[in-house]
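[1] When you get a sec, could you give me coordinates for this:
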Amino acid sequence: MEATKPHIALLASPGMGHLIPVLELAKRLVSHQSFKVTVFVVATDHASIVSSQLLQSPASPDGDDLLEIVLLPLIDVSDIIGPGVSFIQQIEATMLRSVPFFRTEISKMESRPTALVVDWFGTDVLEVADEFNMLKFIFITSNAWFFAFALYTPEIDRKEIDEHAKNQKPLKIPGCRPLNFEDTTEFLLMDPNDPTYQRHIGVIIKMSLTDGILVNTWDELEPTSLKALRDARKVPIYPIGPLIRPIEKSVLRSEIIDWLDKQPEESVIYVSFGSGGTLSAQEVIELAWGLELSQQRFLWVVRPPTEKDAAGAFLTLTNGCDCNPDYLPDGFLARTHDRGLVVPMWAPQVEVLSHPSIGGFLTHCGWNSTIESITNGVPMIAWPLYAEQKMNACLLTEDIGASIRATPMESNGMVTRGDIRSMVRKILVDHEGRNIRARIKELKNSAAKALAEGGSSYNVLFQFAEICIQHLSTKAFGA
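    Have a look, this model is predicted:
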């Protein structure tokens, strides 16, 4: 490797929604820029799985040994786990406690990184970048609208936030779509004196003081929000997406892909709530009945219900086998065996979404799943569960026109089987869904153009690379 090539350090938080785009960013920097990249991963079950999969494939088309993955020691947060402690608080504690280990690893390196890239939960590690004279960047693994909302939060008048929280008035975001109360995030509804709220504000302020923000989106997908961020001139913005997993052959091919091979083109609704999403027992029952009543083909990744937390599986290993789904309605599997496949716990999602027989995706609207669906031209039914997923659902439905949205009943918060039946049919076969089906094909093309040489995301990644090269040159001359 040439001495003039920067060395980029990336730090990945636990959780598939952060790990996957960080690892794909690393591969992009290697293949497009021939940079040396080291990915530091906090060791969890999820992290070990994704990292080992990546290590089994070449880091770059030329086979250059430019990509290294370092698993940091497992962090024990058992002392804070208990009632009322969210998975987000667990991740934050894990990342904070990983700082000394990360510092030690950096100090041992012969070739110190030129730049450090961390995600939302890694801002505590930025102090290490300052110690070792590294550029520091934040990687937003969600959309630009969500980041614009977050970036402006410390400046929004408290009266406006109170009106939003108490009287359910839309919250204005400069230059962007207002945030409706039904799509708001949990932290905005907290007491401003709550330490968790204060920490969120502190994280946002740290982001605004970095050398730039990488966002897993592209100009043609979110022109309004990206323009607002650039016009604000708070921090340089680099939309470099979509970053998604490549299509790889799966060990489960005989069960899932072979079944899909037998189905007509665009005839199957794929149902999955991501690596961490769970439904309640009654929601599972309603979903099962809705799929059955639709009379359409379906592939459903199902996991045991939970009544406590919609993100109940976020930090747990979920690619095991639940071979006796007794929480499904009596006789459901027998009645739907000729048109449906129920898969316990996990499926090779990118491979599924790229299959010609998939005609729709019922999704929790995690951003990874969202852009995987867009880049494969699959229209969506948006059923958000937690975090910023309601904002994602709003963006998909009202701005982008790539989905329809599941609407829970006000009386009990349930999405009914009748609504599920109607939504599935609308996405797959009904005439009224034709505009969504056409729109998603346009978005698929825009994503491909953004990544191609000369495209918007290709050019922005080149700009990021130039900043890193300039910083390396400055360090080399001791300026």
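
[2] Looking at the residue nearest to Phe121 when sequence neighbours are not counted now. What's its pLDDT?
    With sequence-adjacent residues excluded and distances taken as Cβ to Cβ, 6 or more residues apart in numbering, Phe121 is closest to Ser13, at 4.2 Å. Where you see a C-beta, it was placed from the backbone N, CA and C, and this is true even at glycine. With respect to pLDDT, Ser13 scores 86.

[3] Correct me if wrong: Ser13 contacts Glu92.
    No. If you go by Cβ atoms under 8 Å, Ser13 and Glu92 don't touch, sitting 9.0 Å apart.

[4] Show me whatever sits in contact with both of these two.
    Common neighbours of Ser13 and Glu92, counting by Cβ atoms under 8 Å, 6 or more residues apart in numbering, are Phe121.

[5] and Glu105, how many neighbours?
    16 (other Cβ atoms under 10 Å).

[6] Give me the nearest residue to it, chain neighbours excluded.
    Val70 (5.9 Å).

[7] how about the residue lying closest to Lys444 once chain neighbours are set aside, what does it touch?
    If the residues on either side of it in the chain are set aside, Lys444 comes closest to Gly377, at 3.9 Å by Cβ to Cβ, 6+ apart. Gly377 makes contact with 440-441, 443-444, according to Cβ under 8 Å, 6+ apart.

[8] Which of these fall within strands?
    The strands in this structure, assigned by DSSP state E, contain none of the contacts of Gly377.

[9] Report the two of these separated the most.
    Spanning the widest gap among the contacts of Gly377 are Lys441 and Leu443, at 7.4 Å by Cβ to Cβ.

[10] the more surrounded of these two?
    A direct count of neighbours by other Cβ under 10 Å for Lys441 and Leu443 places Leu443 higher, at 23 against 12.

[11] In this structure that one contacts Asn376, no?
    No. Leu443 is beyond contact range of Asn376, at 10.4 Å (criterion: Cβ under 8 Å).

[12] what's the distance between Gly366 and Phe121?
    15 Å (Cβ to Cβ, to the nearest Å).

[13] neighbour count winner among those two?
    Gly366 (28 against 24).

[14] Now do the contacts for Val268.
    260, 296-299, 357-360.

[15] Who wins on neighbours among those?
    Gly360 (31 neighbours).

[16] Where does that one fall, secondary structure wise?
    Using DSSP states H and E, the element containing Gly360 is strand 358-363.

[17] just how off-centre is that strand within its chain?
    Its chain's average C-alpha position is 17 Å from that of strand 358-363, according to Cα atoms, centre = their mean, to the nearest Å.

[18] Show the average pLDDT along it.
    Strand 358-363 comes out at a mean pLDDT of 98.

[19] Same question for stretch 228-240.
    94.

[20] Pull up the distance across it, start to finish.
    17 Å (Cα to Cα, to the nearest Å).

[21] in that stretch, what's buried?
    Neighbour-count burial for stretch 228-240 flags 228-229, 232, 234-240 (criterion: 16 or more other Cβ atoms under 10 Å).

[22] Which ones among these lie within strands?
    237-239.

[23] Now distance to Gly212 too, for those residues, in CSV please.
    Output for those, formatted as CSV (distance: Cβ to Cβ, whole Å):
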residue, distance to Gly212
Ile237, 7
Tyr238, 6
Pro239, 11
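
[24] Among those, pick out the one closest to Val99, please.
    Nearest member of these to Val99, counting by Cβ to Cβ, is Tyr238, at 24.8 Å.

[25] What are the neighbouring residues in contact with the closest one?
    By Cβ under 8 Å, 6+ apart, the contact set of Tyr238 is 137, 212-215, 460-461, 463-464.

[26] Which ChimeraX command selects the buried ones in those residues?
    A single ChimeraX command is used to select the members of those judged buried by 16+ other Cβ under 10 Å:
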select :137,212,213,214,215,460,461,464
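
[27] taking the contacts of Tyr238 one by one, which sit in helices?
    Counting by DSSP state H, the contacts of Tyr238 place 460-461, 463-464 in helices.

[28] rewinding a little: so how far is Trp120 from the residue nearest to Phe121?
    With Cβ to Cβ as the criterion, Ser13 and Trp120 are 8 Å apart.

[29] How about Gly359?
    33 Å.

[30] Run through the stretch 351-479 of the chain and note the low-pLDDT ranges.
    Across the stretch 351-479 of the chain, the ranges flagged by pLDDT under 70 are 476-479.

[31] Which parts of it are strands?
    For the stretch 351-479 of the chain, strands defined by DSSP state E, counting those that start in this stretch occupy the ranges 358-363, 380-382, 403-405.

[32] Pairing partners for the second one, with directions?
    Strand pairing for strand 380-382, determined by DSSP bridges: strand 358-363 (parallel), strand 403-405 (parallel).

[33] Test of understanding: give the bridge partners of Ile140.
    Here Ile140, judged by DSSP bridges, has bridge partners Val215.

[34] Quick check, it in contact with Gly212.
    No. Judged on Cβ under 8 Å, Ile140 makes no contact with Gly212 at a distance of 10.9 Å.

[35] residues in contact with Pro336?
    Not quite, residue 336 is Thr, not Pro. Contacts for Thr336 (Cβ under 8 Å, 6+ apart) come out as 291-292, 298.

[36] For Val415, see how far away it is.
    When Thr336 is compared with Val415 (using Cβ to Cβ), they lie 19 Å apart.

[37] swap in Ile440?
    In terms of Cβ to Cβ, Ile440 sits 22 Å off from Val415.

[38] So which of the two has more stuff around it?
    Counted by other Cβ under 10 Å, Ile440 and Val415 do not tie: Ile440 has more neighbours, with 26 against 20.

[39] Name the nearest residue to the more buried one, ignoring sequence neighbours.
    Counting by Cβ to Cβ, 6+ apart, the residue nearest Ile440 is Pro379, at 4.6 Å.

[40] so what's Thr363 bridging to?
    Counting by DSSP bridges, Thr363 is bridged to Ser272, Ala382.

[41] you'd agree it is up against Pro379?
    No. Counting by Cβ under 8 Å, Thr363 stays clear of Pro379, with 10.5 Å between them.

[42] what touches both of these two?
    What both Thr363 and Pro379 touch, as defined by Cβ under 8 Å, 6+ apart, is the set Ser373.

[43] Alright, I will stop here.
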